[in-house]
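A.B. asks: Sharing a model that was predicted from the sequence below.
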Amino acid sequence: NAGVMQNPRHLVRRRGQEARLRCSPMKGHSHVYWYRQLPEEGLKFMVYLQKENIIDESGMPKERFSAEFPKEGPSILRIQQVVRGDSAAYFCASSPVPDTQYFGPGTRLTVL
Amino acid sequence: GNSVTQMEGPVTLSEEAFLTINCTYTATGYPSLFWYVQYPGEGLQLLLKATKADDKGSNKGFEATYRKETTSFHLEKGSVQVSDSAVYFCALTPSGAGSYQLTFGKGTKLSVIP
């Protein structure tokens, strides 16, 4: 059973560009969570999604950030008009029910 | 709000030494407590968990006991190996509303030298 997959593993963007981060949950998992890890910090919750629904986005910045988890395909975290402060590692996790979360390897975003 | 505080790193130990990484938490009610491990270049892996007071989580020689009276969940291992070198994160999920939201400590980097 493949684990949670994230791509790309590393992403470099210039200020003002868009970043799209993808997450494929483990097979049979319909709950997806996104976390952000800033340098020297722990992971911070961003958003919780089930198929086609956003359940809790209380940790998402109000502007430029959005997330989706369509009926088919991976979950996408989208950051528009990136700024240097968006540079971080973004981790996705999944679970079959709202319980123990299994994490992917992360996407490390660098904004130049 | 909920928070997790764990000891600052980095921690450097010789092989076969005893390991303790302290973790304390602030949360209302009865949170679930976790230790995750992150090996270089990889994602977080669940190491162990405990869901109620006095529970002991254990895995791969690591142990942690849920202490409600001291709001602590310290990680211990009797004899570390070089392969245990990684970053260790203590985390909690609250009881009740938002019970899926993991709150993490900042992580403790462990280096084990031969």
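C.D. replies: Alright, I've got the coordinates. Numbers count the residues shown, from 1 in each chain, chains lettered A, B, ... in the order given.

A.B. asks: Any idea how far apart the tips of stretch B:78-86 sit?
C.D. replies: Taking Cα to Cα, to the nearest Å as the measure, stretch B:78-86 stretches 16 Å from start to finish.

A.B. asks: who touches it?
C.D. replies: Under the criterion Cβ atoms under 8 Å, 6 or more residues apart in numbering or on different chains, residues B:13, B:15-19, B:37-40, B:61, B:77, B:109-114 lie in contact with stretch B:78-86. In short, each C-beta sits where N, CA and C put it, glycine included.

A.B. asks: if you set the cut-off to 10 Å instead, what comes out?
C.D. replies: Contact partners of stretch B:78-86, identified using Cβ atoms under 10 Å, 6 or more residues apart in numbering or on different chains, comprise B:11-19, B:36-40, B:42, B:44-45, B:47, B:60-63, B:77, B:107-114.

A.B. asks: filter the residues you listed by proximity to chain A?
C.D. replies: When contact is defined as Cβ under 10 Å from any Cβ of the partner chain, the contacts of stretch B:78-86 meet chain A at B:Tyr36, B:Gln38, B:Glu42, B:Leu44, B:Gln45, B:Gly107.

A.B. asks: Any of the residues you listed buried? List them.
C.D. replies: B:Tyr36, B:Gln38, B:Leu44, B:Gly107 (16 or more other Cβ atoms under 10 Å in any protein chain shown).

A.B. asks: ok now stretch B:13-27, how far from the chain's centre?
C.D. replies: How far stretch B:13-27 lies from its chain's middle: 8 Å, per Cα atoms, centre = their mean, to the nearest Å.

A.B. asks: nope, stretch B:98-107 is what I meant
C.D. replies: On the basis of Cα atoms, centre = their mean, stretch B:98-107 sits 12 Å off its chain's mean C-alpha point.

A.B. asks: ditto for stretch B:33-40
C.D. replies: Distance of stretch B:33-40 from its chain centroid, counting by Cα atoms, centre = their mean, is 7 Å.

A.B. asks: Next up, the contacts around B:Gly1.
C.D. replies: Contacts for B:Gly1 (Cβ under 10 Å, 6+ apart) come out as B:Thr26, B:Ala27, B:Thr28, B:Pro94, B:Thr103.

A.B. asks: Farthest pair within those?
C.D. replies: Within these, two members stand farthest from each other by Cβ to Cβ: B:Thr28 and B:Thr103, at 12.4 Å.

A.B. asks: between these two, what contacts are shared?
C.D. replies: Here B:Thr28 and B:Thr103 have B:Gly1, B:Asn2, B:Pro94 as joint contacts, going by Cβ under 10 Å, 6+ apart.

A.B. asks: got a markdown table for these, with secondary structure too?
C.D. replies: Below are those laid out as a markdown table (DSSP: H, G, I helix; E, B strand; the rest coil):
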| residue | secondary structure |
| --- | --- |
| B:Gly1 | coil |
| B:Asn2 | coil |
| B:Pro94 | coil |
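
A.B. asks: between those residues, which is closest to A:Gly73?
C.D. replies: B:Pro94 (31.2 Å).

A.B. asks: Quick check: phi and psi on that closest one?
C.D. replies: Its backbone dihedrals place B:Pro94 at phi -70, psi 160, with angles given as degrees, to the nearest 10.
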